[in-house]
Structure formats: C-alpha cells, structure tokens
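# need a structure here:
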Amino acid sequence: MPSRYMTLDDFLARALDGAHDEAGAYRLRSVIGEIALAVRAIAAMIERVMLDGSAGAGAQALARQLMMGLCERSACIAGYSAAQTNSTWATTATARKGYLLAFEALDGAAQIAENGVAGSIFSVREAASESTDKDAREAAWRRGGDALRAAAHALYGPSTLLVLTLGRGTHGFTLDRASGTFVLTHHAMRVPEGGVELAIDGAREHAWEPPVLRYVRECRAGSVGEREHDFSLRFGGCAVADLHRILVRGGVSIVPREPREAQGASGLNLVHMAQPLAWLIEQAGGAASTGRERVLDLRPGALDERTGMVLGTTREVARLERYYGEYERGVDRPFDSPLFNERSLFRPEACA
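Residues are numbered from 1 along each chain as shown. As a prediction, the model looks like this:
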C-alpha cells in the first residue's frame with residue numbers, strides 16, 4: 001500500500017504513468033492539480049466569509065467566481081460549465097486540446113451559516129472535438145459516464161478532504177494546512193456492505209414515487225418490520241456530505257425525481273453532480289441508479305438536465321431497483337375497488 005504520506009502530486013505521477021500519452025497525462029495532471037488549488041482556495045474563502053458574516057448565498061457566488069476564474073486562466077481546460085450556467089469554451093488553440101470541466105462550486109452552501117458541512121463536485125471529460133462549431137462542441141457534454149476521465153468531490157468540514165477517482169479506485173486526500181498540500185489518507189476506499197444509514201429529505205415525502213415510499217417506510221419500521229433491523233435516518237442538505245458518509249459508513253442516499261414536478265428543480269443535475277458522484281461510488285464498490293437504470297448509462301440531452309438518484313451499497317440499490325420493477329409491473333400495488341376493501345366487505349365509510 002502507498003505510504004500514508006504520499007502527496008496528491010506523487011499519487012498522480014504514479015497513477016497516470018503509462019495510462020495516457022505523455023501530453024495527455026500532463027494535461028490531466030494539470031487539471032486535477034488546478035482543482036486541488038481551487039479546493040484549497042474555497043476552504044480558505046469559507047473561513048473568511050464566516051468571519052465577515054457573508055456566508056450562504058454569498059459564499060456560493062464567490063466559489064463559482066473563483067472556479068470560473070481558474071478555468072479561464074488554465075491552458076489545459078478546453079471548456080467548462082458551472083451548475084446552473086451555460087458552458088464556456090477556451091479561445092486559444094492550446095487549451096482546445098485539453099479537457100472539459102463541469103462543477104458544482106459549493107454544494108450545501110446554506111449549511112455554512114450554521115457552521116455545517118459543504119462540498120464541491122467536479123467531473124473531467126475529454127473534449128471530443130477541437131472543432132469551433134458550436135453544436136459539435138456542445139455535443140461533448142452530452143455523453144454518458146464512459147466519457148469521464150476523472151471525478152472528485154471536496155468536503156469542507158473540520159478538515160478539508162478531496163476524494164478522487166481516475167477509474168481505478170476511489171482515494172481520499174486530506175489538506176495539510178501547514179504545507180498547503182493534499183496527503184493520501186484514504187487509499188482505495190470501499191463502501192461497507194453492512195451500513196444501515198438512509199439519507200433522504202423527508203419533507204418531500206408527499207411527492208415521492210411509490211417505490212421510494214415503500215422502501216423508506218420499510219426502513220422506518222426498523223427491527224419490527226420487514227427489514228428486521230433499525231436504520232439511522234439522516235438528511236444534511238448536502239449531496240457531497242451524504243455521499244462521503246456512505247463511502248465511510250455504508251448505507252444509501254436517495255434524491256428522488258418528483259414526477260409531479262417534471263419541469264422543476266427536483267433531482268440532481270446530471271452532468272455537474274449525478275455523473276461524478278455515481279462514478280466515485282461505483283469505483284468504491286457501490287452502485288448508483290435512477291431506480292430504473294444505471295446513472296452512468298444516461299446520456300444528457302442538455303446541460304441542465306436533472307435526474308433522480310439512489311446511491312449506496314449494491315444490495316440496497318438493487319432492492320430499490322426491484323421495487324421500481326415490481327411497481328411498474330403492477331405486482332406491488334394494493335387492491336382497489338369502488339365497492340370492496342382489502343380487509344372488509346365494505347369500505348369503512350359505508351358502514352358509518
């Protein structure tokens with residue numbers, strides 16, 4: 001196993017050796033290095049806004065501006081897209097040969113005002129074409145998970161963590177504030193199969209699809225129900241924090257897509273959040289699904305496309321997928337009749 005004191009730079013040098021041509025490895029290493037610089041700067045910015053009282057939406061705007069400025073200065077980023085914005089493309093020929101970076105600059109920004117945990121999400125994919133044609137370049141964003149070359153999330157809490165995958169495992173690096181370097185502290189992370197934690201926003205229960213409702217009610221029933229053991233239910237308002245807890249403790253996180261709000265803001269942004277989080281969890285031995293299909297098999301039709309997602313241990317994700325299948329086949333729907341009820345000859349109101 002690598003030394004516990006291996007830095008991110010050392011790790012990238014080993015991991016990319018022979019995996020790409022020399023120029024491609026240099027560009028990818030540079031992009032990841034720039035992500036690490038941005039994470040360090042965002043962590044420092046969060047500390048400053050706590051002192052001057054501008055935490056929350058102000059911090060989110062500052063983080064986005066910081067990331068966009070970094071992308072515009074980079075010689076290795078061909079184009080970038082921040083969540084809730086359009087994509088921007090490099091103008092120099094050198095940068096057009098680089099990578100595309102999609103990011104959510106500060107997930108859970110509202111938690112900062114409460115001294116809570118926030119995070120950032122990044123995905124790196126190849127620029128499929130050096131063409132200056134707008135349609136051809138935008139098509140590079142609308143590819144499935146096979147186009148990803150790196151994915152990462154940063155967690156800002158008691159320590160600053162950068163969790164990264166290059167497609168060969170998921171690895172965690174902790175920021176050493178004294179030296180400003182990221183040090184490998186979580187080598188080859190694996191999702192514990194025995195986790196019994198569930199993260200979901202219970203305030204939106206009225207809009208959940210029936211398979212999600214069925215799954216959550218079984219978990220709530222605990223040891224006296226069908227699952228025969230107690231679950232810990234949590235929701236922190238930060239997708240990064242929920243994912244990281246699963247990486248460390250196991251369990252499942254559900255972000256439902258609400259059918260009644262098909263044009264609304266439910267679910268996660270596919271390009272900026274769902275795809276990189278799905279790759280991180282899969283590379284740690286977990287799974288990520290919409291309930292109907294694997295998240296990394298989805299091909300976004302637009303940069304702002306959103307999807308529901310369940311990510312966690314393979315066993316729990318498979319169970320929820322089974323519930324979706326049973327629901328769509330109609331085998332789990334309760335008997336309903338205008339005259340008769342399941343447990344009585346007549347409906348209760350008819351006997352009143």
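
# packing partners of the helix or strand harbouring residue 278?
For residue 278, the element it lies in under DSSP states H and E is helix 275-283. Helices and strands touching helix 275-283, by 3 or more CB pairs under 8 Å, 6 or more residues apart in numbering; DSSP states H and E, are strand 118-126, strand 148-156, strand 160-165, strand 170-176, helix 239-249, strand 287-289, strand 309-312. From N, CA and C alone the C-beta is placed, and that goes for glycine too.

# and those: which comes nearest residue 208?
strand 309-312 (11.7 Å; CB to CB).

# turn the helices and strands packed on helix 275-283 into JSON lines, columns for mean pLDDT and mean neighbour count.
Listed next are these as JSON lines, based on pLDDT from 0 to 100; neighbours: other CB atoms under 10 Å:
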{"stretch": "strand 118-126", "mean pLDDT": "95", "mean neighbour count": "25"}
{"stretch": "strand 148-156", "mean pLDDT": "97", "mean neighbour count": "26"}
{"stretch": "strand 160-165", "mean pLDDT": "98", "mean neighbour count": "23"}
{"stretch": "strand 170-176", "mean pLDDT": "97", "mean neighbour count": "22"}
{"stretch": "helix 239-249", "mean pLDDT": "94", "mean neighbour count": "23"}
{"stretch": "strand 287-289", "mean pLDDT": "98", "mean neighbour count": "22"}
{"stretch": "strand 309-312", "mean pLDDT": "96", "mean neighbour count": "28"}
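
# can you list the ones you listed in TSV and add distance to residue 28?
Shown next, in TSV, are the helices and strands packed on helix 275-283 (distance: least, CB to CB, whole Å):
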stretch	distance to residue 28
strand 118-126	7
strand 148-156	6
strand 160-165	11
strand 170-176	15
helix 239-249	22
strand 287-289	23
strand 309-312	25
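
# closest to residue 18 out of these?
Comparing those under CB to CB, the one sitting nearest is strand 148-156, at 15.1 Å.

# quick check: angle from that closest one to strand 170-176?
For strand 148-156 against strand 170-176, the angle by axes from the mean of the first three to the mean of the last three CA atoms, to 10 degrees is 40 degrees.

# tell me how far the helix holding residue 278 lies from the chain's centre.
The chain centroid and the centroid of helix 275-283 are separated by 7 Å under CA atoms, centre = their mean, to the nearest Å.

# okay, it in PDB with CA atoms only?
Only the C-alpha atoms of helix 275-283 are listed here, as PDB (Å, rounded to 0.1, in the frame of the first residue of the first chain):
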ATOM      1  CA  GLN A 275     -22.400  11.500 -13.100                       C
ATOM      2  CA  PRO A 276     -19.300  12.300 -11.000                       C
ATOM      3  CA  LEU A 277     -20.900  11.200  -7.700                       C
ATOM      4  CA  ALA A 278     -22.000   7.900  -9.400                       C
ATOM      5  CA  TRP A 279     -18.500   7.200 -10.700                       C
ATOM      6  CA  LEU A 280     -17.000   7.900  -7.300                       C
ATOM      7  CA  ILE A 281     -19.400   5.500  -5.500                       C
ATOM      8  CA  GLU A 282     -19.000   2.800  -8.200                       C
ATOM      9  CA  GLN A 283     -15.200   2.900  -8.100                       C
END
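
# got the buried residues for that helix?
275, 276, 277, 278, 279, 280, 281, 282, 283 (16 or more other CB atoms under 10 Å).

# where's residue 37, which helix or strand?
Residue 37 belongs to helix 22-52, assigned by DSSP H and E.

# tell me the contacts of the spatially most central residue of the chain?
Geometric centre of the chain, nearest residue: residue 277, 3.0 Å, by CA atoms, centre = their mean. Going by CB atoms under 8 Å, 6 or more residues apart in numbering, residue 277 touches 121, 151, 153, 239, 240, 243, 268, 288, 309, 311.

# could I get the pLDDT score of it?
Residue 277 carries a pLDDT value of 98.

# cool, and residue 129?
At residue 129, pLDDT is 58.

# is residue 304 located within a helix, as I assumed?
No: counting by DSSP: H, G, I helix; E, B strand; the rest coil, residue 304 falls outside a helix, being coil.

# and it, what are its phi and psi?
Backbone geometry at residue 304, expressed as degrees, to the nearest 10, gives phi -100, psi 10.

# pretty sure it sits against residue 85.
No: if you go by CB atoms under 8 Å, residue 304 and residue 85 don't touch, sitting 9.1 Å apart.

# list the buried ones in the helix or strand harbouring residue 61?
Here residue 61 sits within helix 57-73, counting by DSSP H and E. Using 16+ other CB under 10 Å as the test for burial, helix 57-73 gives 59, 60, 62, 63, 64, 66, 67, 68, 70, 71.
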